[in-house]
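Colleague: Predicted coordinates and the sequence they were generated for:
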Amino acid sequence: MNSRKKSLIFVIGFISVISAALLLYGLVFFFNRKTLKFSIDDSTEILLDIANNDYNSIFDSPTLGLLKELHETYDLDPTLFLFEQLGSFNKTDFPDKYREEFVQNSDWLKLGWHGIDDGIKGIYYCDTDVVGYDFSQEEDALIQSDRVGVLRKKYDGKTISYQLTNVRLDNLDSDDELLRLLNGRAEDRDVVVFTHAWMLQNSAKYIEPVCKWAEDNGYKLNWN
């Protein structure tokens, strides 16, 4: 075998080894990656506040200003879940002047629908003792008992995945209570934390401790 063929075989072998190593690293990274997903339900209230106050920037909103600060500090990627209508306020009433700012920050500040729609493939299911959505008692028991907290349902041939939330910030009394709830999920690969926009007066102070806990326990807040 001449030296040229030997060199070619060596190069091909070397590339194969590197490709296999990169694939293995990617699989290990994927299966060991831990994520904490944070969202705010009923966030149409935040849009209404921005519209009513005619802010110069969406981040003049106390809530969005806080989320931006936490994104810059902890790489938090929050999701705001919206209703189409809140009282007399419709999403179409939201001023167009803020559109570009939402677009520019859409890599980390996400908007989603708070309900089932044609384009929805997944939705959160609240971990309370109240049966949610159109679930039966049996389906509620299944998702509540599943460690991963996922249940899939079919609607006219379309499948929607429901994921159980883990920690609700709305009615917490202390940082100790928050840490107890989070530490109870410390072995989970995915942790889902949420609050409601109308409860932020109580819950906003717990968002940064959530971020600190995630950072200290190896959870990524940038999960998109």
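Modeller: Perfect, thanks for sending it. Residues are numbered from 1 along each chain as shown.
Colleague: what stretches of this protein score poorly on pLDDT?
Modeller: Residues of the chain meeting the criterion pLDDT under 70: 1-32, 115-119, 147-148, 223-224.
Colleague: Kindly recompute the last result at 80.
Modeller: By pLDDT under 80, the weakly predicted segments of the chain are 1-33, 114-121, 127-130, 146-148, 157, 223-224.
Colleague: Okay, helices next: where are they in it?
Modeller: Ranges of helices in the chain, per DSSP state H, are 3-32, 44-53, 62-74, 99-104, 137-145, 175-183, 200-203, 207-216.
Colleague: can you dump the C-alpha coordinates of the third one into CSV?
Modeller: Right, helix 62-74. Taking Å, rounded to 0.1, in the frame of the first residue of the first chain, the C-alpha atoms of helix 62-74 are listed here in CSV:
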residue,chain,number,x,y,z
PRO,A,62,-42.0,46.5,36.3
THR,A,63,-42.5,42.8,35.4
LEU,A,64,-40.7,42.8,32.1
GLY,A,65,-38.0,45.0,33.6
LEU,A,66,-37.4,42.4,36.3
LEU,A,67,-37.4,39.5,33.8
LYS,A,68,-34.9,41.4,31.6
GLU,A,69,-32.6,41.9,34.6
LEU,A,70,-32.9,38.2,35.5
HIS,A,71,-32.2,37.2,31.9
GLU,A,72,-29.0,39.3,31.9
THR,A,73,-27.9,37.9,35.2
TYR,A,74,-29.0,34.2,35.1
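Colleague: Output the contacting helices and strands for it.
Modeller: On a contact count with 3 or more CB pairs under 8 Å, 6 or more residues apart in numbering; DSSP states H and E, helix 62-74 meets helix 44-53, helix 207-216. For glycine as for every other residue, the C-beta is placed from the backbone atoms N, C-alpha and C.
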